[in-house]
Each structure stands twice: as C-alpha cells, then as structure tokens.
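[1] A structural model of the following input is requested.
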Amino acid sequence: MILYKIYSLCVALLVFLPITLLVAIVCSVGILLPNGDRIYIGATRIWGKSAFLLFALPVKTKGTELLDKKQSYIFIANHQGYFDILLCYGFLGHGFKWMMKEYLKKMPIIGWACKNTHQIFVGESRLSIQKAVEQSENTLRGGMSMIIFPEGTRTYDGKLQEFKRGAFMLANDIQLPIVPITIKGSFNAFNRKAWAVTWHPFELIVHTPITTEDRQNKATKQVMTEVFDTINADL
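    Numbering: from 1, shown residues only. Predicted coordinates:
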C-alpha cells in the first residue's frame, strides 16, 4: 500500500497534471468552435479515463444504458471524494456541465477552464441562483446535461448527507428529468481527509430517470426523499 501511495504521488500525479492542463486548453479553445460541445465532451472523457488508468483504479458501471444521448438530464449524485467528477466525465457516457460554487472559479487551471467552458456557477444570493437558472435554460439542451451534488460538499464520513433543495427546484424550473447516481469507492480512494490516493475499486450506478410527469403531483420534499433513498440504498 505504501508503494502504491508513492507511485500515485511521484508518477501518476506528475503525469496527470500536464494532461489536466492540456485538456483545459483544448476545452477552452475547442468550445469556441462550431462543434465545440463535441470537443469538450471528448476531451473531458479522455481526461476522466486517463485519471483512472494512471492511478490503476478499476471502474464498474451499471445503468448507463438507461440514458438517451439526445435527452438532457439533471444528474443528482452523492459526493464522496476528489475522483467523483473524473469518474462521471470518464464513464457516464453522457455530456454534462457541472454546477459548482462560485469560489471554485479561483482554483488553478480548473477554475479557469470551467469559466471558459461555461460551467454553471452559483452563489448564495437569490440573484446568483436566478442567473444560474437562466444559464442552465440556455445550456441544457440537445443532450447536454448537468451534474449536481445536492449535499453541497464532500462527505466527512462516507455517509450520505442531507440534501439541499436547490437542485430539485432547478430541475422543476427547467422541466428536465432527474437521474439519481450512486458513486461508490471514491471515499475510500481519496476523501477530503486523505493526503494521497489509496487503491480501491469504483462503481458508478445510474438509476432510472424520474421524468417531470413522474414528479407532477409530488412535493419537492417527497422527490428529495425518494432520490436520497435511491442513492443511499446502494451505498
């Protein structure tokens, strides 16, 4: 295990950082071209898969066949660790943007690339939330989807935390299906308290989409509970 941690820090990470910079540049430039979304989806998919290849982390997927590539979705996922977004980029098989907190704009390389590729930033103010809704309405069409972590932050203990309402209200505002996603293994591999990656298998489980018709006569709190229970059942 110690040898793996040394490899992850001295080899895998050092190779992955320039790949991240290259992908950030390709996405930032490519998004300006007529087929920019395809370039963005392809480059981020390579980025995600390269991370798991370099760190020798096995991935198992389930339920991706339930998704229609031409349909836009709001993906609701649990947030276990630093590999969550990479896992989704590499193995979900569906183009998406990422809803993130505004302070993440300041992250080196990643923040710059996220701004250039029109990820959805949201703050605490009502005005910021309204802007996020408007941007989402313009961005999420033709199969381009969004991933939201409704816990709001990475788990401290591996357990699913209470959901915030914003993701579900957004899905209702822009009338898109909600797809619960369960991420397994990320907490064990590299959580917020870890100093290095630990080898551990990953699993990405895509659950049955919940359409707007499915939610029509249900209160937001009821839908939140159903999605929470669906994700939690596989943890």
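[2] Quick check: next helix or strand after the worst-scoring helix or strand of the chain on mean pLDDT?
    None of the helices or strands of the chain scores lower by mean pLDDT, DSSP states H and E than helix 126-139, at a mean of 73. Where DSSP states H and E defines the elements, the next helix or strand beyond helix 126-139 is strand 145-148.
[3] Just to check, residue 114 is in contact with residue 104?
    Yes. Using Cβ atoms under 8 Å, residue 114 is in contact with residue 104, at 6.9 Å. All C-beta atoms are positioned from the backbone trio N, CA, C, and that covers glycine.
[4] Need the overlap of contacts for those two.
    residue 121 (Cβ atoms under 8 Å, 6 or more residues apart in numbering).
[5] Okay, now the unreliable bits of the protein?
    Residues of the chain meeting the criterion pLDDT under 70: 123-129.
[6] would you list every one of the strands in it?
    In the chain, the strands defined using DSSP state E lie at 59-62, 74-77, 96-101, 120-122, 145-148, 178-184, 202-206.
[7] Contacts for the second one, please.
    Strand 74-77 has contacts (Cβ under 8 Å, 6+ apart) with 84, 88, 92, 94, 96, 140, 145-150, 167-168, 170-171, 174, 176-183, 227, 231.
[8] now the third one
    Here strand 96-101 makes contact (Cβ under 8 Å, 6+ apart) with 73, 75, 85, 88, 114, 117-123, 132, 136, 139-140, 144-148, 167, 170.
[9] filter the residues you listed to the buried ones?
    Those of the contacts of strand 96-101 that meet the buried threshold are 73, 75, 85, 88, 114, 117-122, 132, 136, 139-140, 144-148, 167, 170, by 16 or more other Cβ atoms under 10 Å.
[10] ok, and what's touching stretch 39-52?
    So stretch 39-52 is in contact with 16, 19-20, 23, 26-27, 30-31, 33, 57-59, 83, 85-91, 95, 117, 202, going by Cβ under 8 Å, 6+ apart.
[11] Stretch 17-29 now?
    Stretch 17-29 is contacted from outside by 39-40, 43-44, 46-47, 50, 109-110, 112-113, 116-117, using Cβ under 8 Å, 6+ apart.
[12] Tell me where this protein has helices.
    Under the criterion DSSP state H, helices of the chain are mapped to 2-7, 13-30, 36-54, 84-91, 110-116, 126-139, 166-173, 186-190, 212-215, 220-233.
[13] list the buried ones in the longest one?
    Put plainly, it is helix 36-54. Residues 36-37, 39-52, 54 are the ones in helix 36-54 that count as buried (16+ other Cβ under 10 Å).
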